[in-house]
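> 3D, please:
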Amino acid sequence: MSKYEKKLQDFLESEENWDSYGAPKITTESIESARKILEVCESLDLDVFPGPMGDGGVSIEYSEDNNKLAFEMIFDINPDGQTVSFGIFKNDELLYPEGSTTVDETIKVYLKVIKNGV
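Next up is the predicted model:
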């Protein structure tokens, strides 16, 4: 079982208006897509931070700062669970263009970035 499973389950069990600003429930579809991305992160032993989004989706963030390099990846999984908006930054410079794509394509980009030794 993933170390993120409890957190994902908590997101799934959230009620309408969980943020007190009228946010919808987190969708099952976005949770399932988040699981796919989190499995890859976990297999690479990366500590990421999943969080609920105000539109019913899930956000996954990773950052690394070792005084020489600040690296950040943000994946926002839309409520439909099918599309992911992402941005990958290195020292505050956009490394990969922000855009929207499928979960599988997002994982490919993510692995390419990690493999190339950001």
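
> can you tell me, leaving aside adjacent residues, what's nearest to the residue sitting nearest the centre point of the chain?
Ranked by distance to the mean C-alpha position of the chain (C-alpha atoms, centre = their mean), the top residue is Ile60 at 2.3 Å. What sits nearest to Ile60 in space, not counting adjacent residues and going by C-beta to C-beta, 6 or more residues apart in numbering, is Phe75, at 4.5 Å. The way it works is simple: take the backbone N, C-alpha and C, and place the C-beta from them, glycine included.

> and the strand or helix carrying that neighbour, what other elements does it pack with?
Phe75 is part of strand 70-77 when elements are defined by DSSP states H and E. Where contact means 3 or more C-beta pairs under 8 Å, 6 or more residues apart in numbering; DSSP states H and E, strand 70-77 is packed against helix 28-43, strand 58-65, strand 83-90, helix 103-115.

> cutoff 10 Å now
Counting contacts by 3 or more C-beta pairs under 10 Å, 6 or more residues apart in numbering; DSSP states H and E, strand 70-77 is packed against helix 28-43, strand 49-52, strand 58-65, strand 83-90, strand 93-102, helix 103-115.

> mind listing what's buried in it?
71-77 (16 or more other C-beta atoms under 10 Å).

> before we move on, what about stretch 2-14?
Applying 16+ other C-beta under 10 Å to stretch 2-14 flags 4, 7-8, 11-12 as buried.

> just the CA trace of that stretch, in PDB.
Provided in PDB are the C-alpha atoms of stretch 2-14 (Å, rounded to 0.1, in the frame of the first residue of the first chain):
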ATOM      1  CA  SER A   2       1.300   3.400  -0.900                       C
ATOM      2  CA  LYS A   3       2.400   5.800   1.800                       C
ATOM      3  CA  TYR A   4       0.000   8.300   0.300                       C
ATOM      4  CA  GLU A   5      -3.100   6.100   0.400                       C
ATOM      5  CA  LYS A   6      -4.400   7.400   3.700                       C
ATOM      6  CA  LYS A   7      -4.200  11.000   2.500                       C
ATOM      7  CA  LEU A   8      -5.900  10.100  -0.800                       C
ATOM      8  CA  GLN A   9      -8.600   8.300   1.100                       C
ATOM      9  CA  ASP A  10      -9.100  11.400   3.300                       C
ATOM     10  CA  PHE A  11      -9.500  13.500   0.100                       C
ATOM     11  CA  LEU A  12     -12.000  11.100  -1.300                       C
ATOM     12  CA  GLU A  13     -14.100  11.200   1.900                       C
ATOM     13  CA  SER A  14     -14.100  15.000   2.000                       C
END
